[in-house]
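Peer 1: build me a model from this:
(2 chains)
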Amino acid sequence: MTSLTTDLSRTVGDVFAAEGLDAAFGAVQVSDRPDLAQFQCNGALGAAKAAKANPRAIAEKIAARLKSDVRFAKVEIAGPGFINLDLTDAALNARIAAPERAAEANGKTALIDFGGYNVAKPLHVGHLRSTIIGDCLQRLFRADGWKVIGDVHLGDWGLQMGQLISEVEIRGIAPVYFDAAFKGPYPEQSPVTMEDLEELYPAASAACKADPARLEAARRATQQLQDGRPGYRALWQHFVKVSEVGLARETASLGVRFDLWNGESTVHDLMAPMLEDLKARGFAQMDEGALVLPVAEPDDKKPMPPLLLVKSDGGVLYGTTDMATVVERVRDYDPDLILYVVDHRQHGHFEQVFRAARKTGIAGKAELEHAGFGTINGPDGKPFKTRAGGVMKLHDLITMAVTEAKVRLAEQGLGEDYSPEEHETIARQIALATIKFADLSNHRTTDYIFDLERFSKFEGKTGPYLQYAAVRIQSILRKAQGEGHVPCTPAIHSPEERALVLQLLSLGDAMQAAEQKRAPNILCDYAFTLAQNFSRFYAAHHILSESDAALRASRLGLCARVLAVMAGTLDILGIAVPERM
RNA sequence: GAACCCGUAGCUCAGCUGGAUAGAGCAUCGGAUUUCUAAUCCGGCGGUCGCAGGUUCAAGUCCUGCCGGGUUCGCCA
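Peer 2: Below is the predicted model of the structure:
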């Protein structure tokens, strides 16, 4: 369903056009001053500037034409030339009565890259944002009619793999994979568990940092792995499988689903032909022993180093796999947009890759975009750590949030009579809402301080507060059903209802803005404002005890619409609404 | 050293291509309501939008400089 302001913009735009002005000046938005009007159009100011005319005079002409439209209860000119508009309740009622339709398929494909998960490494707070923000964006794009392909894009092919392999070799954990005389087949059972990997990788990484010989061994192992040494490939397969099972379990517990579990290794076979092609077409060249692709442009304000494709030792880098991944995605999906939801500190890297992809034409019609995000900091304003100073694992963070949710429930004296299973389910749902809403309600690009105590509060701008608002409406509707009251199409009878209807009707604006700016915080604001409007309505009017049957049915209908919109918005945010709380 | 991001109320944060009196939550103070789950509603207090210039009818928003914080700058990802 097109948003109300879009329709109003068309109406007002036609009037601008009728006055010989650009219809784009007719853009209508929800008013910044709700005390003065419901909607406003600032176009007269812009039109006046363009035409070097008096803004109020233009506004007068526009307003005169708009006044003949019966949908408007008020058309006023204010200040330097704002056009303030109110719709009649009849117009609002008609609008809210129209059934909410899902967006039609727009024929466009978006590929969302959640890049950042790595084989052998558990998820930590750093992965929280790419997962939560990326999931929200994929839900949002889908809701708007895009075909969306979410790809975890696993880090499974770099030096870290070589580090692991050489660590396993040194420890003598599974000698068969290192026996050059062994002809296979290799064991089906993995020689290591996820827990082993979580211990092996940091050890290997630290050893390589401390000892150049170890680093060299790791490099060699990486190279041999990529060249296809059978034992290494077999061992690596185990690493990947074990890791994927662990990662899938964790992301599933977050309620996040991916379409593809591709990794850097997926494109390995595409790299050699791609590199040949880039060399043949003169884009790639040798420099200081490495193969590079220059991406600097004359008007650059900062030095832009070339994209490194092949190191002087013959190994490839993540820029190479990123390029090959673009080739693969264009070949398989021909997307209109590839969105990389990755920490903003990698901005420079993506700038290089995007330039290289555009310059060489490998991106096809796809727009490449980096939706970067800031870091999650602890109370001290520094990157979030455990009390012991280590990296905070995602699993531990969720456990903390579940514990906190139970504390909150106990504080409110809630859930004591629920079964242990239901109590646990509700606590988990609250915990995820706490974490997700906290993350999404902060602007994507800024760093924020993770304050679990504040985020988990049941009052204020929090996830649990929104869940509660939805739960309370569910409760009313259930009770109404029990009493045999049937909701009907809502109509406005009071200022509180009018404000609530206006908020319901601005859903499209919020979704559109959130999508265009890749900014989930806009949806969070929308949901919170909706909950506030509902609370005002709820405080001012009785619903079930209303004796006028028609009024009661209308208010129940309004409740049903609010619940539908709230649940739908929370769903896009990846937040579930519990049956009860 | 260079480039990019940030600096808004006591705290945590919004503020769209420049537009009307800069907003929200928390905290604090006061009031309502004793409820359809109070996890509520209404109101007060609180800001020279880092500083100084500039463009404009209009600047938190655009430009320049400075101060303060963060990040990044070819063989890790």
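Peer 1: tell me which element the residue nearest to the spatial centre of chain A falls in.
Peer 2: Residue closest to the mean C-alpha point of chain A, counted by CA atoms, centre = their mean, is A:I133 at 2.7 Å. Under the criterion DSSP states H and E, the helix or strand holding A:I133 is helix A:125-143.
Peer 1: helices and strands around that helix, which ones?
Peer 2: Under the contact definition 3 or more CB pairs under 8 Å, 6 or more residues apart in numbering; DSSP states H and E, helix A:125-143 sits against strand A:109-113, strand A:147-151, strand A:376-377, helix A:394-411, helix A:420-441, helix A:507-516, helix A:520-540, helix A:549-572. Heads up, the C-betas are built off the backbone N, CA and C, glycines and all.
Peer 1: is the first one positioned near RNA strand B?
Peer 2: No: on the criterion CB under 7 Å from any atom of the strand, strand A:109-113 is out of touch with RNA strand B, staying 12.5 Å away.
Peer 1: helix A:125-143 and that strand, what's the angle between them?
Peer 2: In terms of direction (axes from the mean of the first three to the mean of the last three CA atoms, to 10 degrees), strand A:109-113 departs from helix A:125-143 by 170 degrees.
Peer 1: next, count neighbours for the nearest residue to A:M400 once chain neighbours are set aside.
Peer 2: Residue nearest to A:M400 in three dimensions, not counting chain neighbours: A:L452, with 6.2 Å by CB to CB, 6 or more residues apart in numbering. Using other CB atoms under 10 Å, A:L452 has 18 neighbouring residues.
Peer 1: list the residues that contact A:L452.
Peer 2: A:400-401, A:404, A:434 (CB atoms under 8 Å, 6 or more residues apart in numbering).
Peer 1: cool, and A:Y318?
Peer 2: A:155, A:158, A:264, A:349 are the contacts of A:Y318 under CB under 8 Å, 6+ apart.
Peer 1: list the contacts for A:G460?
Peer 2: A:G460 makes contact with A:R454, according to CB under 8 Å, 6+ apart.
Peer 1: for A:F141, same thing?
Peer 2: For A:F141, the contact set (CB under 8 Å, 6+ apart) comprises A:110, A:112, A:148, A:515.
Peer 1: roughly how far does it sit from A:A363?
Peer 2: 19 Å (CB to CB, to the nearest Å).
Peer 1: before we move on, what about A:Q160?
Peer 2: For A:Q160 relative to A:A363 (CB to CB), the value is 27 Å.
Peer 1: go on, A:L247?
Peer 2: Applying CB to CB to A:L247 and A:A363 gives a distance of 28 Å.
Peer 1: from memory A:H493 sits against A:R552, does it?
Peer 2: No: in this structure A:H493 lies outside contact range of A:R552 using CB atoms under 8 Å: 11.1 Å.
Peer 1: please say which of the two ends up with more neighbours.
Peer 2: Higher neighbour count among A:H493 and A:R552: A:R552, with 22 against 16, using other CB under 10 Å.
Peer 1: ok, the more buried one to RNA strand B distance?
Peer 2: 9 Å (CB to the nearest atom of the strand, to the nearest Å).
Peer 1: on the three-state scheme, the residue nearest to that residue when sequence neighbours are not counted is what?
Peer 2: Nearest in space to A:R552, with sequence neighbours left out and distances taken as CB to CB, 6+ apart, is A:E546 at 4.1 Å. Classification of A:E546 by DSSP: H, G, I helix; E, B strand; the rest coil places it in coil.
Peer 1: just give the number of residues close to A:G246.
Peer 2: 21.
Peer 1: would you mark the buried spots in the helix or strand containing it?
Peer 2: Following DSSP H and E, one finds A:G246 within helix A:230-253. For helix A:230-253, a neighbour-count test (16 or more other CB atoms under 10 Å) marks A:231-236, A:238-240, A:242-244, A:246-247, A:250-251 as buried.
Peer 1: between these, which is nearest A:G43?
Peer 2: Nearest to A:G43 among the buried residues of helix A:230-253: A:T251, at 45.8 Å, using CB to CB.
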